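Peer 1: 3D, please:
(4 chains)
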Number of protein chains: 2
Amino acid sequence: MDFSIGELSRRTAVKVPTIRYYEQIGLLPAPPRSEGQQRRYAKAAISRLAFIKHSRELGFEVDAIRTLLSLQDRPDHSCASADAIAKARLAEVESRIASLNALRLELTRMVDECACGRVAECRVIETLADRSHAHGPLALE
Amino acid sequence: MDFSIGELSRRTAVKVPTIRYYEQIGLLPAPPRSEGQQRRYAKAAISRLAFIKHSRELGFEVDAIRTLLSLQDRPDHSCASADAIAKARLAEVESRIASLNALRLELTRMVDECACGRVAECRVIETLADRSHAHGPLALE
DNA sequence: CCTAGTTCCTCTAGCCACTAGAGGTTCAAG
DNA sequence: CTTGAACCTCTAGTGGCTAGAGGAACTAGG
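Peer 2: Here you go, the predicted model:
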């Protein structure tokens, strides 16, 4: 009926210490314990943890996941804030993609132009040293 | 002739505590000090710091930058390892772009399909709860 | 020369989301 | 009853900074 943390880990592919960490920060409710104080989970824990896992894979921060989880528990509530969170994340991802594309362009140029001889004429080193290539800050990588 | 850490910060747009941090981890050499123990930089520090800054903007890790800097100091050496570092970073960026594109697709679908009514029929929440959407681990975000 | 205000110094702790390890207990199979 | 895997708590470390405390040193104006 109920199962151990190791079993939960196997069924969700979330590592055991990570599960304990999620409990500690309040993403997962503290489950009942066995006589010897070991955690015993019910089936509901699987779907909750899967929800968290999928959210993390999409890059939602823990705070956002907390909000999304609490929304999930109130089916009659408006889902506007879930929508807003997802849209914000989408915007982040898009701007991240844009800046990575710029990086790719510059890295490609560096690598392509390097004749790969001595450092003195190396385009890679040269480009890095060139102060005119100013970017904005990297924001989140 | 020489200038303070604040001046160096202004000229490179690298924050003062960051400059001290770079010194601490050995990216920047420790400069001479004034009588009152304040750092006094020579012009060379600007280009070295600019090199570091540009490298960070391109996403190179500190260890890689250490290698790149030491190569820069040896102009007669082969630049093969600089090339290798840049290529590795390019590969990282490309795989990162690919996974972000997958995320964007999924987020777009979620957001587009959400009729934005009650949570009970919210596509955002529904998608997150759906265990069949298994991704690999997020690697580096 | 004095003072006020800015800049500088070191040191410690915090950020995020985990991950690793020590040192000890409990469980399940044989 | 014994063995060995899995579990427990707790602390500390990761990367690349950033923030703040508490105090010393510079610099411009009077």
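Peer 1: Tell me who's in contact with the closest residue to DNA strand C within chain A.
Peer 2: Chain A approaches DNA strand C most closely through residue A:36 (2.3 Å), counting by Cβ to the nearest atom of the strand. All C-beta spots, glycine's among them, are computed from the backbone N, C-alpha and C. By Cβ atoms under 8 Å, 6 or more residues apart in numbering or on different chains, no residues touch residue A:36.
Peer 1: so how far is residue A:4 from it?
Peer 2: Per Cβ to Cβ, to the nearest Å, residue A:36 is found 11 Å from residue A:4.
Peer 1: tell me, what residue is most central in chain A?
Peer 2: Among the residues of chain A, residue A:59 comes closest to the average C-alpha position under Cα atoms, centre = their mean, at 3.5 Å.
Peer 1: could you measure that one against residue A:89, distance?
Peer 2: According to Cβ to Cβ, residue A:59 and residue A:89 sit 6 Å apart.
Peer 1: can you check residue A:121 too?
Peer 2: 44 Å.
Peer 1: Show me what the helix or strand where residue A:81 lies packs onto, helices and strands only.
Peer 2: For residue A:81, the host element (DSSP states H and E) is helix A:80-113. Here helix A:80-113 touches helix A:62-72, helix A:123-129, helix B:80-113, helix B:123-129, going by 3 or more Cβ pairs under 8 Å, 6 or more residues apart in numbering or on different chains; DSSP states H and E.
Peer 1: Switch those helices over to CSV; also include mean pLDDT, distance to DNA strand C and mean neighbour count.
Peer 2: Shown next, in CSV, are these (pLDDT from 0 to 100; distance: least, Cβ to the nearest atom of the strand, whole Å; neighbours: other Cβ atoms under 10 Å in any protein chain shown):
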stretch, mean pLDDT, distance to DNA strand C, mean neighbour count
helix A:62-72, 94, 4, 17
helix A:123-129, 88, 24, 21
helix B:80-113, 93, 15, 17
helix B:123-129, 89, 14, 22
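Peer 1: Residue A:50 is nearest to which of those helices?
Peer 2: Among these, the nearest to residue A:50 by Cβ to Cβ is helix B:123-129 (7.4 Å).
Peer 1: who's in contact with the closest one?
Peer 2: Under the criterion Cβ under 8 Å, 6+ apart, residues A:47, A:50-51, A:54-55, A:58, A:68, A:71-72, A:79, A:82-83, A:85-86, B:106, B:109-111, B:113-115, B:119, B:133 lie in contact with helix B:123-129.
Peer 1: Using PDB, list the CA coordinates for that helix.
Peer 2: Extracted C-alpha coordinates of helix B:123-129, given in PDB (Å, rounded to 0.1, in the frame of the first residue of the first chain):
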ATOM      1  CA  ARG B 123      -3.700  23.000 -19.800                       C
ATOM      2  CA  VAL B 124      -0.800  24.400 -17.900                       C
ATOM      3  CA  ILE B 125      -1.500  22.500 -14.700                       C
ATOM      4  CA  GLU B 126      -2.600  19.400 -16.700                       C
ATOM      5  CA  THR B 127       0.500  19.200 -18.700                       C
ATOM      6  CA  LEU B 128       2.700  19.500 -15.600                       C
ATOM      7  CA  ALA B 129       0.800  16.700 -13.900                       C
END
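Peer 1: elements contacting the strand or helix carrying residue A:21?
Peer 2: In this assignment (DSSP H and E), residue A:21 forms part of helix A:16-24. Helix A:16-24 sits against helix A:5-12, helix A:44-57, with contacts defined as 3+ Cβ pairs under 8 Å, 6+ apart.
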